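1. The following comprises the amino acid sequence and a computationally predicted model.
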Amino acid sequence: MAYIRIAIGAAFAALLLFAAWTAAAGPLEEGLTAADRGEFETAFPLLLPFAKEGNAADQYKVGLMYKIGEGVDQDHATALAWYVKAAEQGHVLAQYTLANLYFYGQGVRKNTPRALKWYRLAAEQKFIPAEYELGSFYKNGEGVPRNSAKALKWYRMAAEQNHALSQYNLGRFYKTGTGVEKDYVRAHMWFNLAAAQGNRLSKKNRDRIAKKMTPAEVAEAKKLARAWRPK
């Protein structure tokens, strides 16, 4: 009998937990759906309780609504606070958004070191735009010492995920031998991959560099581009 009472008690507790989860999921799903539809006045009061409970995705959405002034009065300071809460939990969009706010001084004093911190954290999660930004910081020496090897590293990470601008920059590095041994075959390959996505500068550079290559080198570069797959 004791085992039966325990089993019944456990089942009842599970039922209560399921009921509580279902009750919570209803408003959450309604809020998310409303936000996706752009119905922010409906979404805000539904998502705010979950943001206060620590849900990073909802903290990000609440921060966004405060930033753009949809569903609630615009308040950059409050938006920043919600973004920080989400970013500190590893929410990659919040991290990237914070980086942009600090770098461009949007609603907050421009702070390049803080921007770099959040770009780096987002990039470490393989967030492509952040990887590209870090590559550009190191290439241009903005906020950090110029470092071609580190620029190459971050551009490569984004390029290998099929980011056209990063592929273009990798092509330039191989073309000029910046941070890597000069290699026209690799340069042609990366320019070709970016050109296939509509990057006009890559197409021009590919065609120019092809004139300096032997037919065998061009054929090898094209073969590499055909075989290449995003990682």
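-> Okay, I see it.

2. Which residue ranges of the chain form strands?
-> Using DSSP state E, the chain contains no strands.

3. Okay, Ala149 and Ala56: tell me how far apart.
-> 34 Å (C-beta to C-beta, to the nearest Å). (Glycine included, C-beta is placed from N, CA and C.)

4. Those two - which one has more neighbours?
-> When neighbours are counted by other C-beta atoms under 10 Å, Ala149 and Ala56 differ, and Ala56 comes out ahead with 19 against 11.

5. ok, now which ones touch that one?
-> Neighbour list for Ala56: Lys85, Ala86, Gln89, Gly90, His91, Ala94 [criterion: C-beta atoms under 8 Å, 6 or more residues apart in numbering].

6. Just the buried ones from those?
-> Among the contacts of Ala56, those classed as buried by neighbour count (16 or more other C-beta atoms under 10 Å) are Lys85, Ala86, His91, Ala94.

7. want to throw the residues you listed into CSV with distance to Asn169 and pLDDT?
-> Formatted as CSV, the buried ones among the contacts of Ala56 follow (distance: C-beta to C-beta, whole Å; pLDDT from 0 to 100):
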residue, distance to Asn169, pLDDT
Lys85, 34, 98
Ala86, 30, 98
His91, 27, 98
Ala94, 26, 98
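
8. would you list those residues in CSV and tack on distance to Leu134?
-> Rendered in CSV, the data for the buried ones among the contacts of Ala56 read as follows (distance: C-beta to C-beta, whole Å):
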residue, distance to Leu134
Lys85, 24
Ala86, 21
His91, 18
Ala94, 17
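
9. That concludes my questions; thank you for your assistance.
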